[in-house]
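Student: sharing a sequence plus its predicted fold:
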Amino acid sequence: MILDIIKLKLSFIYKIVNIVTTFLKTNKRIKKTKLTFMFVKKFANNWVKFKFRKRLDLEPVFAMYLITKKCNFRCTYCYAESNKRISAVSPKDLNTTDTFKLIEIIRKDVSHIYFTGGEPLLRKDIIPVLKYCRDLDYDVLALTTNGSLLPKYEKIIDYLDFLTISIDSFDEKKNDQISGVKSGTTKKIKEIIKEYAELQKHHKFTLLLNTVITPINIQDTYAIMDFCFERNIGLSVIGQMSDFKPIDFLRTSPEYMKLVSDIIEYNKKGYPVLGMPSYNKSLLTFERHRCFPTLIPTIYPNGDLLYPCEVLNKRRYNLLEIGSISDANMMGLAEVGYKIDCPGQCYLPCYISASCFMEKPFSAIKQGIRLKMGNCYNKRSEAS
C-alpha cells in the first residue's frame, strides 16, 4: 500500500518535471510568463498604493494610442468630432520612423497597447507597426476598426491578440445611415465579420464586436448579441455620449434600461459579453465611479500624452520629447497636483475598467484571465 502511494507520488512528480522542462524549453512561453507576472506585480503595487496609502500616483497598466484621427466613416454619434476641445487639436500622424520611436518609449512603461483612432487601418504602415510591437515583446496588442479596410490588411491578425470591429445594427440601411457611409457598406462588413469569426479557429486572436447604443438601435442590439453568441464572438457595448457624457434619452428610457438588465444577466451567465457585472452596470447605467486615469494613458497621433486623461486634458506632454509615460505623469503631478477636479461624469470603457480593477481586483483578474484565454474564453458552449 505504502509502495503504491510512493509510486503514485513519484509518477506525479515525474509528470510535473516533464511539464516544467517542456515549458522552460519554449522561450516564447517564458517571455509571456515573465510579462504576465510583471503586469500582475504592477497591478498589485498600484492596489496597495491606493488601498493602504491613499496615493493616486499609479503606474500605467496599458496605453491607448490613437494612431490617427483620420476616419473614412462619419458616424452620427462620434463624440470625438463633436467635441470642440478634441476636434480643435487633431494633430498630424507621425511618420513610420517616429511611430517606431514612440512605441519604444511606450514599451518602457507598459506591455499592453490598444490601437484606436480615427480608423487605424488608414495608416498604410499599420502592419509594420504591429510587427515592431511584437519585436518589442508587447504582451497584448489590441486594435479597433470599422472593418471596411480589413480585406486589404488581413495580415494584422498575425500580430493581434484582440481585434474589435465596430457595428451598431445588422439592419444594413440603418447602420449605413448611422455610420455615414454609402449604401451596401454594412452588407460587406457583415460578411467580413463572419469571415474573421471563422479565422479565430486558425489564428491566435479573439474577435470582438463593439456596439454604441443610441435611441434608434436599442432593439437591434439583441440581434447583434445573438449573432455573437452563436459564433463565439465577444460583445462590447457602450451608451451614446455627447462631450463624453451620456445623452439624456438613455438616462430615462425604460427600453434602454431593459436592454442593460438583459446584458448584465447574459454576462453573469457566462455569455461572451465583455466586463464583469459592475463594469457593465457603471458603464451603461451611468453610476458614479472613482476614476484612476493614469492607469490607462491616452496618447494622441503626434505622441502627446493627455494628462490626467483625454477628458480633463489639463496638460499635454509629448512623449518623443519627454522620453517616458512615467516622467510625463510625474510632471503632471508636479504641475497639477494630486487633487484633480473630476466631475465623474464621463463613461468611457477604459476608465471604468480601470475603476473596476482597483475596486474589485479579484473579479477583474478573473474576467481578464477568461478573456486572455482567447476566442472569448470559449464560454458559448458552457453558457448555452
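Tutor: Sure, I can see it.

Student: going forward, measure contacts and count neighbours with C-alpha atoms only.
Tutor: OK.

Student: tell me the strands beside the longest strand along the chain, with direction?
Tutor: The longest strand of the chain (DSSP state E) is strand 206-213. Paired neighbours of strand 206-213 in the sheet (DSSP bridges): strand 162-166 (parallel), strand 234-239 (parallel).

Student: lowest mean pLDDT across these, which one is that?
Tutor: Ranked by mean pLDDT, these bottom out at strand 234-239, with a mean of 89.

Student: for the helix or strand following that strand, packing partners?
Tutor: The first helix or strand that comes after strand 234-239 along the chain, using DSSP states H and E, is strand 241-242. The helices and strands touching strand 241-242, judged by 3 or more Cα pairs under 8 Å, 6 or more residues apart in numbering; DSSP states H and E, are helix 79-82.

Student: just to revisit the earlier point, show me which residues of the longest strand of the chain are buried.
Tutor: Neighbour-count burial for strand 206-213 flags T206, L207, L208, L209, N210, T211, V212, I213 (criterion: 16 or more other Cα atoms under 10 Å).

Student: does the last one touch D168 like I think?
Tutor: Yes: counting by Cα atoms under 8 Å, I213 sits close enough to D168 to count as a contact (7.1 Å).

Student: overlap in contacts, those two.
Tutor: Shared contacts of I213 and D168, defined by Cα atoms under 8 Å, 6 or more residues apart in numbering, comprise T221.

Student: give me the below-cutoff pLDDT ranges for the protein.
Tutor: The chain contains residues with pLDDT under 70 at 1-40, 42, 50-57, 79-90, 276-278, 338-384.

Student: domain assignment for it?
Tutor: Following automatic domain parsing, the chain resolves into domains at 2-53, 63-294+340-383.

Student: right, and the helix or strand after the helix or strand F115 falls within?
Tutor: Following DSSP H and E, one finds F115 within strand 112-116. Counting by DSSP H and E, the next helix or strand C-terminal to strand 112-116 is helix 126-135.

Student: and the angle from that following helix to strand 112-116?
Tutor: Per axes from the mean of the first three to the mean of the last three Cα atoms, to 10 degrees, the angle that helix 126-135 makes with strand 112-116 is 170 degrees.

Student: can you spell out which helices and strands pack onto helix 126-135?
Tutor: Using 3+ Cα pairs under 8 Å, 6+ apart: helix 126-135 touches helix 96-107.

Student: do a quick rundown of the helices in the stretch 251-384 of the chain.
Tutor: 254-268, 277-285, 319-322, 325-336, 349-359, 361-372, 380-383 (DSSP state H, counting those that start in this stretch).

Student: what residues sit buried inside the fourth one?
Tutor: By neighbour count with 16+ other Cα under 10 Å, helix 325-336 contains the buried residues I325, S326, A328, N329, M331, G332, L333.

Student: how close does the fifth one sit to L141?
Tutor: The one in question is M331. Remark: distance between M331 and L141 (Cα to Cα, to the nearest Å) = 27 Å.

Student: could you do the third one as well?
Tutor: According to Cα to Cα, A328 and L141 sit 23 Å apart.

Student: before we move on, the earlier item: would you turn the strands paired with strand 206-213 into TSV with distance to P128 and mean neighbour count?
Tutor: Formatted as TSV, these follow (distance: least, Cα to Cα, whole Å; neighbours: other Cα atoms under 10 Å):
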stretch	distance to P128	mean neighbour count
strand 162-166	17	22
strand 234-239	27	23
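
Student: out of the ones you listed, flag the one nearest F227.
Tutor: Counting by Cα to Cα, F227 lies closest to strand 234-239 out of these; the figure is 9.7 Å.

Student: I'd like to know how many residues surround E154.
Tutor: Using other Cα atoms under 10 Å, E154 has 11 other residues around it.

Student: ok, the one 5 residues further on next?
Tutor: Neighbourhood size, Y159 [other Cα under 10 Å]: 21.

Student: quick one: residues contacting it.
Tutor: L130, K131, R134, L141.

Student: buried members of the residues you listed into PyMOL, please.
Tutor: Typed into PyMOL, the line below selects the buried ones among the contacts of Y159, using 16+ other Cα under 10 Å:
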select buried, resi 130+141
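
Student: adding distance to T221, write the contacts of Y159 out as CSV.
Tutor: Output for these, formatted as CSV (distance: Cα to Cα, whole Å):
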residue, distance to T221
L130, 31
K131, 34
R134, 35
L141, 27
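
Student: so K204, which of the three states?
Tutor: Recorded secondary structure, K204: coil (DSSP: H, G, I helix; E, B strand; the rest coil).

Student: and it, how many neighbours does it have?
Tutor: By other Cα under 10 Å, the residues close to K204 number 17.

Student: that one contacts L141, doesn't it?
Tutor: No: K204 is not in contact with L141 according to Cα under 8 Å; the separation is 11.7 Å.

Student: and for those two, which residues touch both?
Tutor: By Cα under 8 Å, 6+ apart, the residues touching both K204 and L141 are L160, D161.

Student: show me what the strand holding F115 pairs with in its sheet, parallel or antiparallel.
Tutor: Sheet partners by DSSP bridges: for strand 112-116, these are strand 63-66 (parallel), strand 140-145 (parallel).
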